[in-house]
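Colleague: Generate coordinates for the sequence data below:
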Amino acid sequence: MMSRARVVTVVAAMTLLLPACHGGGAGPTVAVSPPPVGPAPPSPTGPIVTLDPSRRIAGWVHTNGTRLVDQRGRTVRFTGVGLRDLEAGSGTMAPARQPGVIRLCRDGWSISPRQVFDQIASFGFNTVRVAVTWANLEPTAPTGGVHHWNESYLRAVDDVVAELGRRGIKVVLDMHQNRWTPALLRGGPNECYGTGMPGWTLVPNGSVGDDKAAFFQDQGGVQEGLAEAWRMLGGRFANNPVVIGADLLNEPYPLEPLPPASGLDRLWNVLGAAVRSVDPRILLVFEDSAPGLDAPLALQRPPPFRNEVYSYHLYRPNWDPLGRAVADRFLARARPWNVPLWVGEFDAFGEGANLHPPSPAWQTDTKAFLEYCRTNDIGWSFWVYAGASSLVLPGTITPKEPLLSILQGGAP
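Modeller: Residues are numbered from 1 along each chain as shown. Sure thing, here's the model as predicted:
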């Protein structure tokens, strides 16, 4: 396995806006208070754009078998987009940059300008999967039983939730990781390794494979640390009906196949219990141990909680046969488990990618995939609004056409 140097400050390769991504027991004292739940102050630059009322999800959402039902008793599907501005870095906010300027991932996290939220509302998306990371929430290890939560980052999360809520859009908070951590380099000093886990959680002088294995085996009780982060976030938004979902950990895949006792069941139990201890209503979103057809799936049953959603990510070169085979595999698991299914990420068979061309049949394939989702009552979230893979043209807020049109056609 390739050796990698550990660093305290994240160093990164230049990317388009942001780095690429295909994204028990009592814990230490939580030293943070929840924000007010009321509406954000009026925009200083005029009226905001809001989601068409006919597309809005009302209030809290709960499961009814394989369906999602809103507060008005209507069956709903999540049809949305991911937002990753809060993903990068290890706690530090990026300096201000002009639109279109290439961003270094060492710049850290940022907040989207207001026009991005207006645009998402105008597109008709009813949900946004907002990527947050433990590395940004808690860049410094707890001391003396007290967590050092990153208050400036938490205020930024509050702001994003408020901006989307003002526009009638629901939020699924996504505890994101991509290549596991920003505290590792590969290749050289100008290449960013990843996002997600704080450097203080890693195995000394280990590889990413070592770090993942230690995490899933819960060495040193590391899972409880992430559970505390979720307990804090869950409590922060427990009374805010804008935040309707907690995607417990993005892509919990090993670098190499793990044995059946990989700890994924235990992880979901630990994280789910943490969220449920402070919020009985939020949907718990859980993924399996592999994204496709090339590895066995670790989960034998869903976690033991109510209001759960089974999720997978679809990155395949075509819909038929490969994409459909993946979709059928996860649908065949969700149905007997009697839980809703959600495609938390997909890139429209490469059309989202900005670094390589899409499949020649991406338009036909994406339409077929979206119709499959509609027929089987499956929600979806396109990955991602802006980045190395994006809904908008690189360095702009101009949407890709006809990608946007096809996505809009696949929404309720």
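
Colleague: Could you check stretch 294-309 and say which residues are buried?
Modeller: Ala298, Leu299, Pro302, Pro303, Phe305, Asn307, Glu308, Val309 (16 or more other Cβ atoms under 10 Å). Any C-beta I mention is one placed from the backbone N, CA and C, and that applies to glycine too.

Colleague: possible to save those residues as a markdown table with pLDDT and distance to Glu251?
Modeller: A markdown table is the format used below for the buried residues of stretch 294-309 (pLDDT from 0 to 100; distance: Cβ to Cβ, whole Å):
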| residue | pLDDT | distance to Glu251 |
| --- | --- | --- |
| Ala298 | 88 | 13 |
| Leu299 | 92 | 14 |
| Pro302 | 96 | 18 |
| Pro303 | 96 | 17 |
| Phe305 | 98 | 21 |
| Asn307 | 99 | 22 |
| Glu308 | 99 | 18 |
| Val309 | 99 | 16 |
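
Colleague: Can you pick out the most distant pair from those?
Modeller: Largest separation among the buried residues of stretch 294-309 by Cβ to Cβ: Ala298 and Asn307, giving 22.0 Å.

Colleague: you'd agree Gly82 is in a strand?
Modeller: Yes. Per DSSP: H, G, I helix; E, B strand; the rest coil, Gly82 lies within a strand segment.

Colleague: what's the nearest residue to it if we skip its chain neighbours?
Modeller: In this structure, Gly82 finds its nearest non-sequential neighbour in Val384, 4.0 Å apart by Cβ to Cβ, 6 or more residues apart in numbering.

Colleague: repeat for Gly89
Modeller: Per Cβ to Cβ, 6+ apart, closest to Gly89 is Gly108, 3.2 Å.

Colleague: What about the one you found, how many residues nearby?
Modeller: Look at Gly108: counted by other Cβ atoms under 10 Å, it has 24 neighbours.

Colleague: which residue ranges form the strands in the stretch 301-412 of the chain?
Modeller: Along the stretch 301-412 of the chain, counting by DSSP state E, counting those that start in this stretch, strands occupy 308-314, 341-346, 379-382.

Colleague: now for stretch 342-361, what's the gap between its first and last residues?
Modeller: Criterion Cα to Cα, to the nearest Å; first-to-last residue distance in stretch 342-361 is 23 Å.

Colleague: re the thing from before, in contact with the residue nearest to Gly89, which residues?
Modeller: By Cβ atoms under 8 Å, 6 or more residues apart in numbering, the residues touching Gly108 are Val10, Ala88, Gly89, Ser90, Gly91, Thr92, Met93, Ala94, Asn136.

Colleague: The residue nearest to Gly82 reaches Ser390, doesn't it?
Modeller: Yes. Using Cβ atoms under 8 Å, Val384 is in contact with Ser390, at 6.2 Å.

Colleague: Between these two, which contacts overlap?
Modeller: Gly352.

Colleague: just for the stretch 251-400 of the chain, where's the confidence low?
Modeller: Applying pLDDT under 70 to the stretch 251-400 of the chain picks out residues 256-262.

Colleague: And the helices in it, which stretches?
Modeller: Counting by DSSP state H, counting those that start in this stretch, the stretch 251-400 of the chain has helices at residues 264-276, 324-337, 362-375.

Colleague: can you redo these as a markdown table with distance to Gly221?
Modeller: Putting those into a markdown table (distance: least, Cβ to Cβ, whole Å) gives the following:
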| stretch | distance to Gly221 |
| --- | --- |
| helix 264-276 | 10 |
| helix 324-337 | 29 |
| helix 362-375 | 39 |
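
Colleague: Pick the most deeply packed of those helices.
Modeller: Ranked by mean neighbour count under mean count of other Cβ atoms under 10 Å, the helices of the stretch 251-400 of the chain are led by helix 264-276, which reaches a mean of 21.

Colleague: now it against strand 308-314, angle please.
Modeller: Angle, helix 264-276 to strand 308-314, by axes from the mean of the first three to the mean of the last three Cα atoms, to 10 degrees: 120 degrees.

Colleague: what's in contact with helix 264-276?
Modeller: Here helix 264-276 has contacts from 24, 216, 218, 223-224, 226-228, 230-231, 234, 246, 248-249, 252, 282, 284, 286, 288-289, 298-301, 303-305, 308, using Cβ under 8 Å, 6+ apart.

Colleague: Return the alpha-carbon coordinates of that helix using PDB.
Modeller: C-alpha atoms of helix 264-276 as PDB (Å, rounded to 0.1, in the frame of the first residue of the first chain):
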ATOM      1  CA  LEU A 264     -21.100  -1.900  10.100                       C
ATOM      2  CA  ASP A 265     -24.100  -3.200  12.100                       C
ATOM      3  CA  ARG A 266     -22.600  -2.000  15.300                       C
ATOM      4  CA  LEU A 267     -21.700   1.400  13.800                       C
ATOM      5  CA  TRP A 268     -25.300   2.100  12.700                       C
ATOM      6  CA  ASN A 269     -26.500   1.000  16.100                       C
ATOM      7  CA  VAL A 270     -24.100   3.400  17.800                       C
ATOM      8  CA  LEU A 271     -24.800   6.400  15.500                       C
ATOM      9  CA  GLY A 272     -28.500   5.800  15.300                       C
ATOM     10  CA  ALA A 273     -28.800   5.500  19.100                       C
ATOM     11  CA  ALA A 274     -26.900   8.800  19.500                       C
ATOM     12  CA  VAL A 275     -29.300  10.700  17.100                       C
ATOM     13  CA  ARG A 276     -32.400   9.000  18.600                       C
END
